[in-house]
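A.B. asks: Predicted structure and sequence below. I'll ask about it afterward.
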Amino acid sequence: MKYFEETIIILGVFTISKAVVIYYSLEQETKTLAEMISDASNIEIKELVPIEPEDRRDCKTYFWKGKKYDLANNPKLEDLEISIDDYDLIFIGTPIWELTYSPPVKSFFNDYEVKNKKIAVFYTHEGEKGDFLEKFKDLIGENELVAYIDFYDPLNSNLESVEEEICKWADVVMKKELG
Ligand SMILES: Cc1cc2nc3c(=O)[nH]c(=O)nc-3n(C[C@H](O)[C@H](O)[C@H](O)COP(=O)(O)O)c2cc1C
């Protein structure tokens, strides 16, 4: 009995700071980076998975590089099955769509209570970033943007150096923000 009491007291004194990687990716680029961070830093990883809209009229048509996409503005997401309260630092990954963050990332901030978090964002694109960072800062509101990094078409780059760069970045962020 005494052993249990001591254990509970110890757990009560030390709260463990935790980090998680949350990302959306349509074509594997952002996903690849998300997995690199998660593997190297040994932290949990969660994918934002939009649920297909019941009514296609809720979508708008967008052309990128000659290909047609139906984009839902505020897509519903599958449940992430985590409690955001458990994390102090959130790595968010997104591709750039229409010169800004992808709609599932917007849904994440709308659907979940993301408050008093440190946010580190990584994003992939094909050279047209618009004013992504300004828009992203507006999206995260009172949460603190502690770091950001972007990659141009990483899967068609030298993947080893991409991995080295993003893992080093994530490591510095983790040490600085979580100690
Ligand atoms: C619907 C759509 C819109 C896009 N808009 C942009 C854009 O505005 N600027 C840009 O540089 N790339 C744009 N891209 C390219 C993606 O940002 C790029 O390919 C990204 O690395 C894909 O990441 P993913 O594989 O994780 O989905 C767009 C791609 C799609 C599918």
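C.D. replies: Structure received.
A.B. asks: following the least confident helix or strand in the chain by mean pLDDT, which helix or strand shows up next?
C.D. replies: Lowest on mean pLDDT, DSSP states H and E among the helices and strands of the chain sits helix 2-13, with a mean of 52. Sequence order places strand 19-23 as the next helix or strand after helix 2-13, per DSSP states H and E.
A.B. asks: Check which helices and strands that next one is in contact with.
C.D. replies: Contacts defined by 3 or more CB pairs under 8 Å, 6 or more residues apart in numbering; DSSP states H and E place strand 19-23 against helix 29-41, strand 44-47, strand 89-95, helix 159-178. To be clear about C-beta, it is placed using only N, CA and C from the backbone, and glycine gets the same treatment.
A.B. asks: which of these is buried the deepest?
C.D. replies: Highest mean neighbour count among these (mean count of other CB atoms under 10 Å): strand 89-95, with a mean of 25.
A.B. asks: What sits closest to the most centrally placed residue in the chain if chain neighbours are left out?
C.D. replies: Nearest to the mean C-alpha position of the chain, counting by CA atoms, centre = their mean, stands residue 92 at 1.7 Å. For residue 92, ignoring the flanking residues on the chain, the nearest one in space by CB to CB, 6 or more residues apart in numbering is residue 121 at 4.9 Å.
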